[in-house]
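Engineer: Generate coordinates for the sequence data below:
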Amino acid sequence: MKEFAAAEWQRARRTLGSGQQLISSDPDSAASRAYYAAFHAVTCLFALRGQSFSKHSAVRAALHRELIRSGEWPAELGQAYDLLLDLRETADYGGMSRVSAADARNAVQKAAAILDAVRRAHPELPQGDE
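Structural biologist: Numbers count the residues shown, from 1 in each chain. Below is the predicted model of the structure:
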């Protein structure tokens with residue numbers, strides 16, 4: 001499980017970097033990458049706890065049940081995760097709707113906050129290019 005968690009953490013960091021680079025040129029992709037960065041970070045956190053989920057909805061439910069309702073994480077991080085999910089759905093399936101550069105920037109910031117929360121819970125996780 002630790003190997004899987006490490007791979008998810010690496011994926012989360014790499015995906016967040018991709019999202020940051022895409023904000024001005026492709027806000028839809030930036031917002032989608034931001035969601036996936038948060039998803040992989042939270043998946044990493046649960047993997048380190050010996051838990052795994054096969055659906056995005058299960059990860060979201062576990063985040064709210066085990067991190068937000070328990071008080072381990074502030075409610076704002078749960079709201080941030082939900083916003084990222086909504087923006088990803090607009091970005092990937094929104095038809096004529098598009099994510100603005102401002103919303104993409106906000107999404108990347110919220111995803112970064114989620115990665116920070118995961119890293120605070122597990123300071124042994126690499127930071128930066130480690």
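Engineer: per-residue confidence for the residue sitting furthest away from the middle of the chain?
Structural biologist: In the chain, the residue that sits farthest from the middle, by CA atoms, centre = their mean, is Met96; the gap is 24.6 Å. Confidence at Met96, expressed as pLDDT, is 88.
Engineer: tell me the secondary structure for it?
Structural biologist: coil (DSSP: H, G, I helix; E, B strand; the rest coil).
Engineer: Touching, Ala47 and Ala7? I think so.
Structural biologist: No: with contact defined as CB atoms under 8 Å, Ala47 and Ala7 do not form a contacting pair (9.1 Å). Placement of C-beta: from N, CA and C, glycine included.
Engineer: These two: which is more packed in?
Structural biologist: Ala47 (20 against 14; other CB atoms under 10 Å).
Engineer: and that one, which of the three is it?
Structural biologist: Per three-state DSSP, Ala47 ends up helix.
Engineer: Please list all residues in contact with it.
Structural biologist: Met1, Lys2, Phe4, Ala5, Glu8 (CB atoms under 8 Å, 6 or more residues apart in numbering).
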